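J.: turn this into a structure:
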Amino acid sequence: MRRIASLVLLAALLSPVPADALCAMPSMRPKVMTADVTTSAGGIVVGTEVGFESQTKDTGEAAQPTWTIKTKTGSVKPVMVELAPGLVTYQLPDKVDAGELFDGSKPIGKLTRAKGPNPKLAAPAPTKITYKEWPNRRGKSVQTAAVFGKDAIPTEAIALIVVDAATNKPRSYGLVTAGTLEVMLYAQGRCSALPNKTVPTFAGNRVILRWVDKTGVVSADSKPIVVVKA
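T.: As a prediction, the model looks like this:
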């Protein structure tokens, strides 16, 4: 059975699973976050976006095994790399320098191999990672967020991954919102959903953070950080 929670409270890419019998049935679809990418180590970034069946058709999660890359000489399968639960990159296979990613006949985005290496963003340096909870009508809601100082969030960053410091396995991710000093990493409420394999992050957990930039390249790791209560 799929887990039930909410990955990001305000700006989330989620895989829908109904959290309560009284909640509307959610649906999921891949959300393209970067559509025209030149990179040597990254790719087109795609997340899982949640909606509702009354509003949007359920077309599946971010990982779409039927998508193909069309090149000048034919079609090839993209290299799909999972960065975190519900967050993947579609990359060029070896010896392919350019192509266009397609969902059937629908173009998704263009990929070009960079001639040199892509510089990585510096490791995230939050002032703290906080966890808080509060009661709701059917239990409690929780959220975990990384808090940064002024100018500490790179303008090229589009997402922030939280990783278990002991196992080095990604737990969840949050989207970067311009003009804020906080990135929501995990949230759980009554009517909410999340990608398969997402792991909640609570106070006392020791974690590592990684930026994802607009070319799908992952940054250096932060130092291990212990999550504190807000």
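J.: and for residue 118, nearest residue in space, chain neighbours not counted?
T.: The shortest distance from residue 118 to any non-neighbouring residue, by C-beta to C-beta, 6 or more residues apart in numbering, is to residue 217 (4.9 Å). All C-beta atoms are positioned from the backbone trio N, CA, C, and that covers glycine.
J.: ignore what I typed, I meant residue 153.
T.: residue 176 (6.1 Å).
J.: give the contact list for the residue positioned nearest the centre of the chain.
T.: Nearest to the mean C-alpha position of the chain, by C-alpha atoms, centre = their mean, lies residue 87 at 3.8 Å. When the contact criterion is C-beta atoms under 8 Å, 6 or more residues apart in numbering, the partners of residue 87 are 13, 45-48, 62, 159, 161, 173, 195, 212.
J.: model confidence over the helix or strand containing residue 145, on average?
T.: Per DSSP states H and E: residue 145 is located in strand 139-147. Strand 139-147 carries an average pLDDT of 92.
J.: before we move on, the earlier item: okay if I get the contacts of residue 87 as CSV plus secondary structure and pLDDT?
T.: Below are these laid out as CSV (DSSP: H, G, I helix; E, B strand; the rest coil; pLDDT from 0 to 100):
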residue, secondary structure, pLDDT
13, coil, 36
45, strand, 98
46, strand, 97
47, strand, 95
48, strand, 89
62, coil, 94
159, strand, 97
161, strand, 98
173, strand, 96
195, coil, 82
212, strand, 98
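J.: ok, those residues vs residue 128, which is closest?
T.: The shortest approach to residue 128 among the contacts of residue 87 belongs to residue 161, at 17.4 Å (C-beta to C-beta).
J.: tell me what that closest one is bridged to.
T.: residue 173, residue 210 (DSSP bridges).
J.: what's near enough to touch it?
T.: Contacts of residue 161 (C-beta under 8 Å, 6+ apart): 83-84, 87, 170, 172-173, 209-212, 218.
J.: which one of these is nearest to residue 121?
T.: Nearest member of the contacts of residue 161 to residue 121, counting by C-beta to C-beta, is residue 211, at 4.6 Å.
J.: distance check, that closest one against residue 153.
T.: In this view, residue 211 and residue 153 are 9 Å apart by C-beta to C-beta, to the nearest Å.
J.: ditto for residue 79
T.: Applying C-beta to C-beta to residue 79 and residue 153 gives a distance of 28 Å.
J.: now do residue 175
T.: Distance from residue 175 to residue 153, by C-beta to C-beta: 11 Å.
J.: what about the closest residue to residue 69 other than its chain neighbours, neighbour count?
T.: In space, and not counting its chain neighbours, residue 69 is closest to residue 99: 3.9 Å by C-beta to C-beta, 6+ apart. Close neighbours of residue 99, defined as other C-beta atoms under 10 Å, add up to 22.
J.: host element of residue 99?
T.: strand 98-103.
J.: quick one: which of residue 79 and residue 153 has more around it?
T.: Higher neighbour count among residue 79 and residue 153: residue 153, with 23 against 14, using other C-beta under 10 Å.
J.: quick one: pLDDT of the more buried one?
T.: Reported pLDDT for residue 153: 97.
J.: list the contacts of it.
T.: 176, 180-181, 183.
J.: can you flag which of the residues you listed belong to strands?
T.: Among the contacts of residue 153, the ones falling in strands (DSSP state E) are residue 183.
J.: I'd say residue 93 and residue 81 touch.
T.: No - with contact defined as C-beta atoms under 8 Å, residue 93 does not count as touching residue 81 (11.8 Å).
J.: great, nothing more from me.
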